[in-house]
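**Q** what shape does this take:
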Amino acid sequence: MEQSQTSSKFSSRTIWGVIIVGVGVVFLLREMGVNINLGDFWPAVLIVPGLAFWALFFLKRGQRGIEGVLIPGTILVLYGGFFLFETLVDWKYTSETAFFYTLAVGLAFFAAHYLGNRSRGFLVPAWILTGVSALQFFSTTLTWDFMWSVVLIIVGLWVLLKRKKREPDN
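**A** Numbering: from 1, shown residues only. Got it, this is the predicted structure:
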């Protein structure tokens, strides 16, 4: 048992050390005149630490409370990927993709729930944030008239298909 704790500490230190050295090398090369446009790589500044959080989770899985690192890890990886996409398409879809900011946080809570100890405390913010994100998505991509029609149809179907609770026979 003692050895596994030492090796996981060593592994997480290794991950952080590699990240810090990599950032230092990029800055050193830039100072030496190597033409590195950090603007092209800025989403990696989010993705790499996010992946480090995920690696830390898997290295220390089973420890009490470790699933909490999945929340910032997931947010950083998703935001980094999202910003990489937006950068590649020259920010053309900014107004249509604003819902993603809230969705990423909701997905982070889902990741902590499903990969962690399945604490219900993670599900409440996960569902709330995902619901808010869905409302943002529908309000930016669909007209309100269309949206209200769909909402009414869904509510009507729910009323029709909802199982009726059996009433006790008297």
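**Q** so which helix or strand takes in the nearest residue to residue 49 once chain neighbours are set aside?
**A** Distance criterion Cβ to Cβ, 6 or more residues apart in numbering; nearest residue to residue 49, sequence neighbours excluded, is residue 76 at 5.6 Å. For the C-beta atoms, the positions are set from N, CA and C on the backbone; glycine is no exception. Counting by DSSP states H and E, the element that carries residue 76 is helix 70-88.
**Q** show the subsequent helix or strand relative to that helix.
**A** Using DSSP H and E, the helix or strand that follows helix 70-88 towards the C-terminus is helix 100-115.
**Q** any idea where the strands of the chain begin and end?
**A** Counting by DSSP state E, the chain has no strands at all.
**Q** so where is it shaky, pLDDT-wise?
**A** Residues of the chain meeting the criterion pLDDT under 70: 1-12, 15, 34-38, 40, 142-147, 163-170.
**Q** helices of that one, start to end?
**A** Assignment of helices within the chain using DSSP state H yields the ranges 2-31, 38-41, 44-59, 70-88, 100-115, 123-141, 144-161.
**Q** tabulate those helices (JSON lines), appending mean neighbour count and distance to residue 94.
**A** Shown next, in JSON lines, are those (neighbours: other Cβ atoms under 10 Å; distance: least, Cβ to Cβ, whole Å):
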{"stretch": "helix 2-31", "mean neighbour count": "12", "distance to residue 94": "27"}
{"stretch": "helix 38-41", "mean neighbour count": "10", "distance to residue 94": "17"}
{"stretch": "helix 44-59", "mean neighbour count": "18", "distance to residue 94": "17"}
{"stretch": "helix 70-88", "mean neighbour count": "18", "distance to residue 94": "7"}
{"stretch": "helix 100-115", "mean neighbour count": "20", "distance to residue 94": "10"}
{"stretch": "helix 123-141", "mean neighbour count": "15", "distance to residue 94": "10"}
{"stretch": "helix 144-161", "mean neighbour count": "10", "distance to residue 94": "21"}
